[in-house]
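**Student:** No letters, just coordinates:
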């Protein structure tokens, strides 16, 4: 059984849903496909045909900080921060690692698709 947005917000700022699995410094929450870092979370948005989009949120209820989307010219995922947002080194490392990981996954799927042709 999944959790509504209201339930998740009621858990408080630092608690992750009980279904989350810790992976190093990140928690993967399979029900929502949300990845939680130290101070931020990566929440999937509506996927496009071939690529995904994630909203980067502050875990402490201070809103959306930016989005991670495919950037075609670079052929990789990139972070698009919203105006007037500030990030420290831990968040920047986690955003960078997330982008790198998702780009590797995307490229592996793309290679598989090309190999099947």
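**Tutor:** Looks like it arrived, so ask away. Here the structure is a predicted model, which is why all the values come from computation and not from measurement.
**Student:** quick one: the longest helix seen in the chain to chain centroid distance?
**Tutor:** Looking across the chain with DSSP state H, the single longest helix is helix 89-116. Taking C-alpha atoms, centre = their mean, to the nearest Å, one finds helix 89-116 lying 11 Å from the centre of the chain it belongs to.
**Student:** Same question for stretch 106-117.
**Tutor:** 22 Å.
**Student:** Return the set of buried residues in it.
**Tutor:** By 16 or more other C-beta atoms under 10 Å, the buried positions in stretch 106-117 come out as residue 106. Heads up, the C-betas are built off the backbone N, CA and C, glycines and all.
**Student:** show me where this protein has helices.
**Tutor:** Remark: helices assigned in the chain by DSSP H are 5-10, 89-116.
**Student:** Next one: the spatially most central residue of the chain from residue 106, what distance?
**Tutor:** Central residue of the chain (C-alpha atoms, centre = their mean): residue 42, 2.6 Å from the mean position. Distance, residue 42 to residue 106, by C-beta to C-beta, to the nearest Å: 14 Å.
**Student:** Now for residue 87, how many residues are close by?
**Tutor:** Residue 87 has 17 neighbours, counted by other C-beta atoms under 10 Å.
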